[in-house]
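Asks: Fold the stuff below for me.
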Amino acid sequence: MNGLRRKDAIEIKNKQNQVAQQWSPEVRRPFDEMNNITSNLLLHMTSSMRFEGPVNVDLNEITMNLVPFPRLHFLSSSISPHTAVSPFVNQQRSINQLFTDVFTRETQLMKMNPVGSTYLACALLMRGNICTISDLQKNVVRMKHRLTMAHWNVEGFKVGLCSQPAVHSPCSLLCLANNTCIRNRFIGMKESFKQLYKRKVYVR
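Replies: Residues are numbered from 1 along each chain as shown. As a prediction, the model looks like this:
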(Lines give C-alpha, C1' and ligand atoms only; values in the text may rest on other atoms or scores of the structure.)
Protein backbone atom coordinates (compact mmCIF):
# COMPACT_ATOMS: atom_id res chain seq x y z
CA MET A 1 0.00 0.00 0.00
CA ASN A 2 2.82 2.39 0.88
CA GLY A 3 4.55 1.45 -2.35
CA LEU A 4 1.47 2.38 -4.36
CA ARG A 5 1.17 5.72 -2.56
CA ARG A 6 4.85 6.46 -3.17
CA LYS A 7 4.46 5.57 -6.85
CA ASP A 8 1.39 7.80 -7.19
CA ALA A 9 3.21 10.67 -5.51
CA ILE A 10 6.16 10.31 -7.89
CA GLU A 11 3.83 10.28 -10.92
CA ILE A 12 1.99 13.38 -9.70
CA LYS A 13 5.30 15.17 -9.06
CA ASN A 14 6.56 14.31 -12.56
CA LYS A 15 3.30 15.52 -14.09
CA GLN A 16 3.58 18.82 -12.20
CA ASN A 17 7.13 19.30 -13.45
CA GLN A 18 6.03 18.64 -17.04
CA VAL A 19 3.21 21.18 -16.77
CA ALA A 20 5.57 23.75 -15.26
CA GLN A 21 8.10 23.27 -18.05
CA GLN A 22 5.43 23.56 -20.74
CA TRP A 23 4.01 26.71 -19.15
CA SER A 24 7.36 28.47 -18.89
CA PRO A 25 10.60 26.70 -19.82
CA GLU A 26 12.72 29.28 -18.00
CA VAL A 27 10.81 29.08 -14.72
CA ARG A 28 10.62 25.73 -12.95
CA ARG A 29 8.27 26.82 -10.18
CA PRO A 30 4.83 28.05 -11.36
CA PHE A 31 4.15 29.74 -8.02
CA ASP A 32 6.98 32.16 -8.77
CA GLU A 33 5.06 33.37 -11.79
CA MET A 34 1.89 33.76 -9.74
CA ASN A 35 3.80 35.75 -7.13
CA ASN A 36 5.23 37.99 -9.85
CA ILE A 37 1.74 38.75 -11.14
CA THR A 38 0.47 39.57 -7.66
CA SER A 39 3.44 41.77 -6.81
CA ASN A 40 3.12 43.65 -10.12
CA LEU A 41 -0.53 44.31 -9.37
CA LEU A 42 0.18 45.69 -5.90
CA LEU A 43 3.15 47.76 -7.05
CA HIS A 44 1.11 49.24 -9.86
CA MET A 45 -1.86 50.00 -7.64
CA THR A 46 0.26 51.81 -5.04
CA SER A 47 2.61 53.59 -7.46
CA SER A 48 0.72 56.89 -7.19
CA MET A 49 1.35 56.94 -3.45
CA ARG A 50 5.08 56.27 -3.86
CA PHE A 51 5.95 58.39 -6.88
CA GLU A 52 4.88 61.70 -8.33
CA GLY A 53 2.62 62.00 -11.31
CA PRO A 54 0.22 64.35 -13.11
CA VAL A 55 -2.84 62.48 -11.78
CA ASN A 56 -2.22 60.69 -8.49
CA VAL A 57 -4.86 58.31 -7.20
CA ASP A 58 -5.27 57.25 -3.58
CA LEU A 59 -6.65 53.88 -2.51
CA ASN A 60 -9.53 55.62 -0.79
CA GLU A 61 -10.48 57.24 -4.10
CA ILE A 62 -10.55 53.83 -5.78
CA THR A 63 -12.90 52.46 -3.14
CA MET A 64 -15.10 55.52 -3.26
CA ASN A 65 -15.43 55.54 -7.06
CA LEU A 66 -15.63 51.81 -7.80
CA VAL A 67 -18.05 50.66 -5.10
CA PRO A 68 -21.48 52.21 -5.74
CA PHE A 69 -23.17 50.11 -3.05
CA PRO A 70 -21.57 48.37 -0.02
CA ARG A 71 -22.52 44.89 -1.19
CA LEU A 72 -21.13 45.44 -4.71
CA HIS A 73 -17.50 45.56 -3.67
CA PHE A 74 -15.99 42.69 -5.69
CA LEU A 75 -13.49 44.05 -8.20
CA SER A 76 -11.76 42.36 -11.11
CA SER A 77 -8.28 43.29 -12.29
CA SER A 78 -6.33 43.12 -15.52
CA ILE A 79 -2.90 44.42 -16.47
CA SER A 80 -1.11 45.04 -19.75
CA PRO A 81 1.53 44.09 -20.71
CA HIS A 82 0.87 40.81 -18.92
CA THR A 83 4.29 39.82 -17.56
CA ALA A 84 4.38 36.60 -15.57
CA VAL A 85 7.81 35.23 -16.38
CA SER A 86 10.85 36.24 -14.34
CA PRO A 87 13.17 37.78 -15.35
CA PHE A 88 10.81 40.24 -16.97
CA VAL A 89 10.71 40.46 -20.72
CA ASN A 90 10.51 43.92 -22.24
CA GLN A 91 7.09 43.97 -23.88
CA GLN A 92 6.40 47.27 -25.59
CA ARG A 93 2.83 48.22 -26.42
CA SER A 94 1.32 51.35 -27.82
CA ILE A 95 -0.95 53.31 -25.50
CA ASN A 96 -4.01 52.48 -27.59
CA GLN A 97 -3.11 48.78 -27.48
CA LEU A 98 -2.75 48.88 -23.69
CA PHE A 99 -6.29 50.21 -23.31
CA THR A 100 -7.65 47.63 -25.70
CA ASP A 101 -5.83 44.76 -23.98
CA VAL A 102 -7.04 45.37 -20.43
CA PHE A 103 -10.66 44.87 -21.51
CA THR A 104 -10.02 41.49 -23.12
CA ARG A 105 -10.38 38.05 -21.59
CA GLU A 106 -6.68 37.15 -21.96
CA THR A 107 -5.35 39.86 -19.63
CA GLN A 108 -7.78 39.22 -16.77
CA LEU A 109 -6.14 38.03 -13.56
CA MET A 110 -9.20 35.91 -12.79
CA LYS A 111 -10.93 33.32 -14.94
CA MET A 112 -13.68 35.52 -16.32
CA ASN A 113 -14.76 37.16 -19.56
CA PRO A 114 -15.78 40.83 -19.30
CA VAL A 115 -16.80 41.07 -22.95
CA GLY A 116 -20.53 41.72 -23.18
CA SER A 117 -20.97 42.24 -19.43
CA THR A 118 -22.00 45.47 -17.73
CA TYR A 119 -19.44 47.72 -16.04
CA LEU A 120 -20.61 49.47 -12.89
CA ALA A 121 -17.38 51.46 -12.63
CA CYS A 122 -13.81 51.26 -13.88
CA ALA A 123 -10.41 52.59 -12.79
CA LEU A 124 -7.52 52.90 -15.24
CA LEU A 125 -4.09 53.42 -13.65
CA MET A 126 -1.28 54.17 -16.08
CA ARG A 127 2.46 54.06 -15.35
CA GLY A 128 5.05 55.59 -17.66
CA ASN A 129 6.54 58.90 -18.75
CA ILE A 130 5.48 58.62 -22.40
CA CYS A 131 1.75 58.95 -21.70
CA THR A 132 -0.04 62.27 -21.23
CA ILE A 133 -3.38 63.26 -19.75
CA SER A 134 -4.74 63.89 -23.25
CA ASP A 135 -3.84 60.31 -24.21
CA LEU A 136 -5.82 59.02 -21.24
CA GLN A 137 -8.85 61.14 -22.04
CA LYS A 138 -8.78 60.17 -25.71
CA ASN A 139 -8.68 56.46 -24.95
CA VAL A 140 -11.36 56.68 -22.27
CA VAL A 141 -13.68 58.29 -24.81
CA ARG A 142 -12.77 55.59 -27.33
CA MET A 143 -13.50 52.75 -24.90
CA LYS A 144 -16.82 54.25 -23.79
CA HIS A 145 -18.32 53.36 -27.15
CA ARG A 146 -17.14 49.73 -26.83
CA LEU A 147 -18.12 49.02 -23.22
CA THR A 148 -21.54 48.57 -21.68
CA MET A 149 -21.78 50.86 -18.68
CA ALA A 150 -24.57 50.95 -16.09
CA HIS A 151 -27.18 53.50 -17.18
CA TRP A 152 -26.89 55.36 -13.89
CA ASN A 153 -23.07 55.63 -14.09
CA VAL A 154 -22.15 56.21 -17.72
CA GLU A 155 -19.22 58.43 -16.72
CA GLY A 156 -17.94 55.92 -14.17
CA PHE A 157 -14.25 56.07 -15.11
CA LYS A 158 -11.44 56.92 -12.70
CA VAL A 159 -8.03 57.56 -14.25
CA GLY A 160 -4.58 57.83 -12.73
CA LEU A 161 -1.19 58.64 -14.21
CA CYS A 162 2.17 57.99 -12.55
CA SER A 163 5.32 59.26 -14.24
CA GLN A 164 7.54 56.51 -12.84
CA PRO A 165 7.46 53.52 -15.24
CA ALA A 166 7.52 49.93 -14.08
CA VAL A 167 10.75 47.94 -14.19
CA HIS A 168 9.70 45.62 -16.98
CA SER A 169 8.00 48.10 -19.33
CA PRO A 170 8.26 51.79 -20.25
CA CYS A 171 4.48 52.03 -20.14
CA SER A 172 1.91 49.76 -18.48
CA LEU A 173 -1.76 49.93 -17.56
CA LEU A 174 -3.74 48.45 -14.68
CA CYS A 175 -7.53 48.17 -14.88
CA LEU A 176 -9.67 47.69 -11.76
CA ALA A 177 -13.27 47.09 -12.75
CA ASN A 178 -16.56 46.49 -11.00
CA ASN A 179 -18.07 44.17 -13.58
CA THR A 180 -21.14 41.94 -13.43
CA CYS A 181 -19.24 39.06 -15.07
CA ILE A 182 -17.75 38.19 -11.67
CA ARG A 183 -21.15 36.67 -10.88
CA ASN A 184 -20.32 33.67 -13.10
CA ARG A 185 -17.09 33.15 -11.14
CA PHE A 186 -18.99 33.02 -7.86
CA ILE A 187 -21.53 30.60 -9.33
CA GLY A 188 -18.71 28.29 -10.40
CA MET A 189 -17.12 28.41 -6.96
CA LYS A 190 -20.48 27.65 -5.36
CA GLU A 191 -21.06 24.64 -7.60
CA SER A 192 -17.57 23.31 -6.91
CA PHE A 193 -18.15 23.63 -3.16
CA LYS A 194 -21.51 21.85 -3.40
CA GLN A 195 -19.92 18.94 -5.24
CA LEU A 196 -17.16 18.63 -2.64
CA TYR A 197 -19.61 18.91 0.25
CA LYS A 198 -21.88 16.30 -1.34
CA ARG A 199 -19.00 13.83 -1.18
CA LYS A 200 -18.14 14.98 2.37
CA VAL A 201 -14.67 16.13 1.36
CA TYR A 202 -12.79 17.78 4.26
CA VAL A 203 -15.79 17.09 6.52
CA ARG A 204 -15.43 14.95 9.61
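
Asks: State the distance from residue 75 to residue 182.
Replies: Between residue 75 and residue 182 the computed distance is 8 Å (Cβ to Cβ, to the nearest Å). The C-beta positions use only the backbone N, C-alpha and C, and glycine is treated the same way.

Asks: same deal with residue 196?
Replies: From residue 196 over to residue 182 (counting by Cβ to Cβ), the distance is 21 Å.

Asks: Compare these two and say which is more crowded by neighbours.
Replies: Shown here are residue 196 and residue 182; by other Cβ atoms under 10 Å, residue 182 has more neighbours (18 against 12).

Asks: Is the more buried one in contact with residue 73, as I believe?
Replies: No: using Cβ atoms under 8 Å, residue 182 makes no contact with residue 73, being 10.7 Å away.

Asks: Pull up the overlap in contacts between these two.
Replies: Taking Cβ atoms under 8 Å, 6 or more residues apart in numbering as the contact rule, residue 182 and residue 73 touch no residue in common.

Asks: which SSE is residue 74 in?
Replies: Assigned by DSSP states H and E, residue 74 belongs to no helix or strand.

Asks: which residue sits closest to it, ignoring its sequence neighbours?
Replies: residue 182 (5.2 Å; Cβ to Cβ, 6 or more residues apart in numbering).

Asks: Need the pLDDT of that neighbour.
Replies: In this model, residue 182 is scored at 89, pLDDT.

Asks: for the one 3 residues further on, same thing?
Replies: Here the pLDDT value assigned to residue 185 is 86.
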